[in-house]
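Chemist: model this:
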Amino acid sequence: MANPISSLFKLVLGLVLIALPIYLVLEVGFFRSWGIAALDLIKGGIVLFVIFIGLVFLLLGFSDLKG
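Modeler: As a prediction, this is how the structure comes out:
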């Protein structure tokens, strides 16, 4: 069984790693451009993800037609 202190430490560390970047991007002026760049990266990643999922379905369709 996992140690409760270790589990609590992981929980608190996870919350800090989620909350700190959000706070920095929203409240600190220096990091606003970083936030915009991160959102642009995510948007580009979503497009590539959809394209790769389409390729996977295309290959699965060819595989089903062949078999």
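
Chemist: Please count neighbours and contacts with C-alpha atoms only from this point.
Modeler: Will do.

Chemist: and the spatially most central residue of the chain, how far is that from Gly61?
Modeler: Within the chain, the residue whose C-alpha comes closest to the C-alpha centroid is Ile42; the distance, by C-alpha atoms, centre = their mean, is 7.8 Å. Ile42 sits 28 Å away from Gly61, going by C-alpha to C-alpha, to the nearest Å.

Chemist: Could you do Val16 as well?
Modeler: Val16 is 44 Å from Gly61, by C-alpha to C-alpha.

Chemist: ditto for Ala38
Modeler: 34 Å.

Chemist: Next: Gly14.
Modeler: From Gly14 over to Gly61 (counting by C-alpha to C-alpha), the distance is 40 Å.

Chemist: how many other residues sit next to Trp34?
Modeler: When neighbours are counted by other C-alpha atoms under 10 Å, Trp34 registers 13.

Chemist: What residues sit buried inside the host helix or strand of it?
Modeler: Secondary structure from DSSP states H and E places Trp34 in helix 32-66. For helix 32-66, a neighbour-count test (16 or more other C-alpha atoms under 10 Å) marks Gly35 as buried.

Chemist: CA atoms only for stretch 6-17 - export them in PDB, please.
Modeler: Extracted as PDB, the C-alpha positions of stretch 6-17 are listed here (Å, rounded to 0.1, in the frame of the first residue of the first chain):
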ATOM      1  CA  SER A   6       3.900  10.300  -0.500                       C
ATOM      2  CA  SER A   7       0.400  10.400  -2.000                       C
ATOM      3  CA  LEU A   8      -0.300  13.700  -0.400                       C
ATOM      4  CA  PHE A   9       3.000  15.100  -1.700                       C
ATOM      5  CA  LYS A  10       2.200  14.000  -5.200                       C
ATOM      6  CA  LEU A  11      -1.200  15.500  -5.000                       C
ATOM      7  CA  VAL A  12       0.100  18.900  -3.800                       C
ATOM      8  CA  LEU A  13       2.900  18.900  -6.300                       C
ATOM      9  CA  GLY A  14       0.500  18.200  -9.100                       C
ATOM     10  CA  LEU A  15      -1.800  21.000  -8.000                       C
ATOM     11  CA  VAL A  16       1.200  23.400  -7.900                       C
ATOM     12  CA  LEU A  17       2.400  22.300 -11.300                       C
END
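
Chemist: No more questions from me, cheers.
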